[in-house]
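A.B. asks: no FASTA, just this:
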């Protein structure tokens, strides 16, 4: 890369572009190549100027931010920092290998952190997938009203696989790991089941029913008595998980038993 980070700003709202420009102009190693008010303009200027980084809005008339990515192609696309007011596009953005995802309104510190991620990746100071993982974690902290993460990024070799928490049917302890059981297959995650339960899973959505098992409440299809103090919890795919004596009361607090 050149000594300066060459940046293109893309947003259909002039005040939004002006705010990004104002903040970037305070950074001595950033050069602003220009601004675009549409996705079509962005495609043309990315091809002409080959910037290092693009600050890219998602929802724009005619050609969206994702349309820009598709037109340029993954191999030719610069680093992308999405800037948007809509958090629901975040998972798709990170799956498309976005460097970061800024929710409007963001503050100076958050934007500067995104630039630092770009700086580190361009200078090969940190593996690209690690940079994106840190960005994903920062987004999860930013997300409005989100106390618990909606996605997990799990290392798989040289990359990270993104798992929607809502897609998890149940979780099984395997030593210092947990196995996430999904409709799409299993994923092994380096995390103790206790830490996962206490810090990462919403107790309104997940319940621990065994020393080595947590289930998604929305996936429970039936409950059958196994003994006087134990139950068999049957999930919507037919999987049977034992609710042990020690977790019986927790199950009865979350599931209403009539009759």
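C.D. replies: Right, received. Where do you want to start? In this text the structure is predicted, and so the values were computed from the model without any measurement.

A.B. asks: burial of residue 12, as a residue count?
C.D. replies: Neighbours of residue 12 under the rule other CB atoms under 10 Å: 16. (Each C-beta comes from the backbone N, C-alpha and C, glycine too.)

A.B. asks: list phi and psi for the closest residue to residue 57 other than its chain neighbours.
C.D. replies: Nearest-residue entry for residue 57: residue 11, 4.1 Å, with adjacent residues in sequence omitted and distances by CB to CB, 6 or more residues apart in numbering. Main-chain torsions, residue 11, degrees, to the nearest 10: phi -160, psi 140.

A.B. asks: then residue 224?
C.D. replies: phi -120, psi 130.

A.B. asks: for it, give me its contacts.
C.D. replies: For residue 224, the contact set (CB atoms under 8 Å, 6 or more residues apart in numbering) comprises 231, 232, 234.

A.B. asks: neighbours around the last one, how many?
C.D. replies: Yep, that's residue 234 we're talking about. Number of residues near residue 234 (other CB under 10 Å) recorded here: 16.

A.B. asks: quick one, grab the pLDDT at it.
C.D. replies: Among the per-residue scores, residue 234 holds a pLDDT of 96.

A.B. asks: bridged to it, which residues?
C.D. replies: For residue 234, the beta-bridge partners under DSSP bridges are residue 222, residue 240.

A.B. asks: just confirm it contacts residue 240, I think it does.
C.D. replies: Yes: with contacts counted by CB atoms under 8 Å, residue 234 reaches residue 240, the gap being 5.5 Å.

A.B. asks: how many other residues sit next to the nearest residue to residue 166 once chain neighbours are set aside?
C.D. replies: Excluding its sequence neighbours, the residue lying closest to residue 166 (CB to CB, 6+ apart) is residue 150, at 7.2 Å. A count of nearby residues for residue 150, using other CB under 10 Å, gives 16.

A.B. asks: and what of residue 205?
C.D. replies: Considering only other CB under 10 Å, residue 205 is surrounded by 15 other residues.

A.B. asks: could you do residue 30 as well?
C.D. replies: A count of neighbours around residue 30, defined by other CB under 10 Å, yields 18.

A.B. asks: got the phi and psi for it?
C.D. replies: Torsion angles, degrees, to the nearest 10, at residue 30: phi -110, psi 130.

A.B. asks: hang on, it packs against residue 8?
C.D. replies: No: applying CB under 8 Å, one finds residue 30 not in contact with residue 8, separated by 11.4 Å.

A.B. asks: helices along the stretch 1-150 of the chain, start to end?
C.D. replies: Per DSSP state H, counting those that start in this stretch, the stretch 1-150 of the chain carries helices over the ranges 14-24, 39-49, 65-72, 90-95, 108-122, 128-142.

A.B. asks: how much space between the nearest residue to residue 167 once chain neighbours are set aside and residue 190?
C.D. replies: Leaving aside its chain neighbours, residue 167 sits nearest to residue 182 (5.1 Å; criterion: CB to CB, 6+ apart). Look at residue 182 and residue 190: by CB to CB, to the nearest Å, they are 17 Å apart.
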